[in-house]
Each structure stands twice: as C-alpha cells, then as structure tokens.
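[1] Sequence first, then the predicted structure:
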Amino acid sequence: MTPTDEELVASYRAGVEAAADELVRRHATSLGRFLYGSGAPAAELDDLVQEAFFRAFRGLDGWRGEASFRSWLYRIGTNLNRDRFRRQKGRQMVPIEDQEIPDHADPEGEAGANEMETRLLDELERLPRLQREVFLLRAQQGLEYDQICATLGTTPGAARVHYHHAVKRLKEAVG
Amino acid sequence: MTPCERLSERMPAMAAGADWTPDEAAHLASCPDCAAEWRLVKAAAGVGGKLPAVDPARISARVRARLAAEPANESTVIPIRSARRGRWLMGLAAAAVLVLAVRAVVRPPAPVDPGLAAPTGTVLSELEELSSNELESVLGDWDEEQVGTPAAGVPGLSDLSADELERVLRSWET
Ligand SMILES: [Zn+2]
C-alpha cells in the first residue's frame, strides 16, 4: 500500500532518508507550478522549491501534524515567494502601480502554454496577492477550502470570498 | 446551495480528470456563468504545465546534502498555529516602525525618549479595531509608500529582519 505523506514524514524522522526523496517526488513539480502561477519567475523555481523543502524538513519539529505536510510545505513556499517580492521591491524603485505585481516577463516559462493560460497568468498578476493564492490553490492545485486555510492562515469563509472575488475579476478580464 | 455553487465546488476535481454527471453537464451547457468559471479553472489547472520541469531527483539530492550539512534549528521554524499571530505582530511592528519613522522626521532623534509610549499606545488601540485583512492592507500600503519615498535615515519595514521586528515590538510591550 502507498504510504501517506504523514507516514513518510514519520519514516524520515525515524531515519529513513529515502522517505524525503519520495515526498519531494510527490510535491516538487506541483509546488513549482503553484509558485510560478503566484508570480515566481521560471528561472527561480528550482531554488525556491529546494529552499521550501529544505526548510520544511529542517523545521519538522514545528509542524506537529496540525495541517497536512503539503499545506505545511506550501505555506513555507508561499512565504518564501512573498519574501522574494519584498526583497525585489526593496531593490527596484518601481512605480506604485506596479507594486506586488509579479515578474512574469518570462518567455522561457510561457513557451508552449495555450493562449487562455497565458492571458490568465497575465490577469493573475493584477489580482491582490491573497485572491491570487487562494484561486491557484483551489483551481490549479485542487485543494479544499480547509486545506487552503491551513496553507494561507485564513478562515474557510474568507477563502471562499477571495476565491469568488478572484473568479469574478478573472471572468471579466479573461472571459 | 444553488446549482451554480454546487458546480463550482466540483470544478477542481473535474479539472483533475473526474467526469460531470449528466445533470451537471446539462447545467454547464446552459449556464454562461458556470461555463466561464469552468474555462478559468481548466486554464488554471494548466498554468505552469509546460514549464521545463522542476527536477525532483536533483532537488532531493541538494536538500539532503544541505540537511546533512546544516542541523535543525528551531528558530527558523514558523509553527502553523502562530501564523495569524505572526501577521498581527507584523502589523503592530509596522505601526511601531511608522511611529519611529514619523518621529525621526518630525524632530531629530534623542538618545532617550520617554514620550514614545503615548503615540505608540494610540496606534496600538487603533490597530486593534482592524480586521486582519485591513491590517494587512495597512501594512501593504505603508510598505509600498516606503519603497516610493525612502527618506534617508528613516527606518523602513523592509529593512528589518523578522527578529528585528520582534525586538521593536517587544521593546514597547514592556
Ligand atoms: Zn451555473
């Protein structure tokens, strides 16, 4: 039988290092896609995903299993991505209207994506950060609202509101 | 729950490959709103799908090497339960830095300033009236202003590490 993430975490903590490989194999690609949709440039995904796993494994003592391992990992990845924006904002003197807008001038990343996906990616950049993250966790990652709450530290009601606001704005913009 | 809400609930699972029931398919065909949302969800499910793949084998090799080299360190951990409090603290710390920044602009810094507690207390009680979303937007607006007007010598939130923010906060909790 396939072990759950939580069983793999327990194995890893008991010294089975291969359990960590399996957790990375399960979640690295989808975490990378989530971070990309959230505005991380394709060229930085590898480093961000690596850092998220490193911190997740090293910080397992702080996890205590209240949320799924995936929520824990995505929370760390989300925080790393937000920090990346803040650092970028501190470095570049960008106009106010461009604040919090991710850096997607990224031809490599968008190559091959269909037109609807490309337009959606552009419009996601214009959403408030929480709306963008909730929408992606739900629509791209297929998470239930309680998992979204555990990931973003919000409430189920707020997550639904963010999702519906995002859908409304994206419908108007992308159609 | 309306038929549209029920359909919305099912969309992520559908995007992952499940099938609509005949009733759901009929609703989708006749409801432009649901059809538009479904197009969005399908497009979202494809976002990043054509990226040069993140290589899990390379990532685990690097992560394991780093874990072996750098032992666990509790202070880098952000426990799930403290996340909301963390955001609240960030808001308060932003207010603290704002107070300090305003005072630095209004008059030259003095080595000891017994008057600091009064304006800080006012900001604190106003902050407590705000929801976490409002706090976050206050913090966001203020952070953006700092980027736009980096007055020399005035501390900016983005200049502080999480530890420094915590210290600012603790300094006026006591
Ligand atoms: Zn409908």
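    Received it, and whenever you're ready, just let me know what you need.

[2] what separates residue A:90 from residue A:84, distance-wise?
    According to CB to CB, to the nearest Å, residue A:90 stands 11 Å off from residue A:84. Every C-beta, even on glycine, is put in place using the N, C-alpha and C of the backbone.

[3] more crowded one of the two?
    Neighbour count, other CB atoms under 10 Å in any protein chain shown: between residue A:90 and residue A:84, residue A:84 has more, with 20 against 16.

[4] Quick check: phi and psi at the residue nearest to the more buried one when sequence neighbours are not counted.
    Excluding its sequence neighbours, the residue lying closest to residue A:84 (CB to CB, 6 or more residues apart in numbering or on different chains) is residue A:40, at 6.8 Å. Per-residue torsions, residue A:40: phi -70, psi 130 (degrees, to the nearest 10).

[5] and residue B:68, how many neighbours does it have?
    Count around residue B:68 with other CB under 10 Å applied: 9.

[6] quick one: low-confidence ranges for the chain?
    Defaulting to chain A. A:92-113 (pLDDT under 70).

[7] wrong chain, I was asking about chain B
    In chain B (pLDDT under 70), the answer is B:71-174.

[8] Could you list the residues of it in contact with the ion?
    B:4, B:31, B:33, B:34 (CB under 5 Å from the ion).

[9] and chain A, what are its domains?
    A:5-87, A:112-174 (automatic domain parsing).

[10] between the ones you listed, which one is nearest to the ion?
    Closest approach to the ion among the domains of chain A is made by domain A:112-174 (11.9 Å; CB to the ion).

[11] what about that closest one, near chain B?
    Yes: Domain A:112-174 lies within reach of chain B by CB under 8 Å from any CB of the partner chain, at A:112-114, A:116-117, A:119-121, A:124, A:130, A:135-136, A:138-143, A:150, A:153, A:158, A:167, A:170-171, A:174.

[12] helices or strands up against the longest helix seen in chain A?
    The single longest helix within chain A, with elements called by DSSP state H, is helix A:69-91. With contacts taken as 3 or more CB pairs under 8 Å, 6 or more residues apart in numbering or on different chains; DSSP states H and E, helix A:69-91 sits against helix A:5-13, helix A:18-37, helix A:42-58, helix A:145-152, helix B:132-148.

[13] quick check: angle from it to helix A:42-58?
    Angle of helix A:69-91 versus helix A:42-58, following axes from the mean of the first three to the mean of the last three CA atoms, to 10 degrees, is 130 degrees.

[14] Determine how far helix A:69-91 lies from the middle of the whole chain.
    Relative to the chain's own centre, helix A:69-91 is displaced by 8 Å; criterion: CA atoms, centre = their mean, to the nearest Å.

[15] C-alpha coordinates for that helix, PDB please?
    C-alpha atoms of helix A:69-91 as PDB (Å, rounded to 0.1, in the frame of the first residue of the first chain):
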ATOM      1  CA  PHE A  69       2.500  18.000   5.100                       C
ATOM      2  CA  ARG A  70       1.500  19.500   1.800                       C
ATOM      3  CA  SER A  71      -0.100  22.600   3.500                       C
ATOM      4  CA  TRP A  72       3.000  23.000   5.600                       C
ATOM      5  CA  LEU A  73       5.300  22.800   2.600                       C
ATOM      6  CA  TYR A  74       3.100  25.200   0.500                       C
ATOM      7  CA  ARG A  75       2.900  27.600   3.400                       C
ATOM      8  CA  ILE A  76       6.700  27.800   3.500                       C
ATOM      9  CA  GLY A  77       6.900  28.100  -0.200                       C
ATOM     10  CA  THR A  78       4.300  30.900  -0.200                       C
ATOM     11  CA  ASN A  79       6.200  32.800   2.500                       C
ATOM     12  CA  LEU A  80       9.500  32.400   0.600                       C
ATOM     13  CA  ASN A  81       7.800  33.800  -2.500                       C
ATOM     14  CA  ARG A  82       6.400  36.700  -0.600                       C
ATOM     15  CA  ASP A  83       9.800  37.500   0.800                       C
ATOM     16  CA  ARG A  84      11.200  37.400  -2.700                       C
ATOM     17  CA  PHE A  85       8.700  40.100  -3.700                       C
ATOM     18  CA  ARG A  86       9.500  42.200  -0.700                       C
ATOM     19  CA  ARG A  87      13.300  42.000  -1.400                       C
ATOM     20  CA  GLN A  88      12.700  42.800  -5.000                       C
ATOM     21  CA  LYS A  89      10.500  45.800  -4.100                       C
ATOM     22  CA  GLY A  90      13.300  47.000  -1.800                       C
ATOM     23  CA  ARG A  91      15.900  46.700  -4.600                       C
END
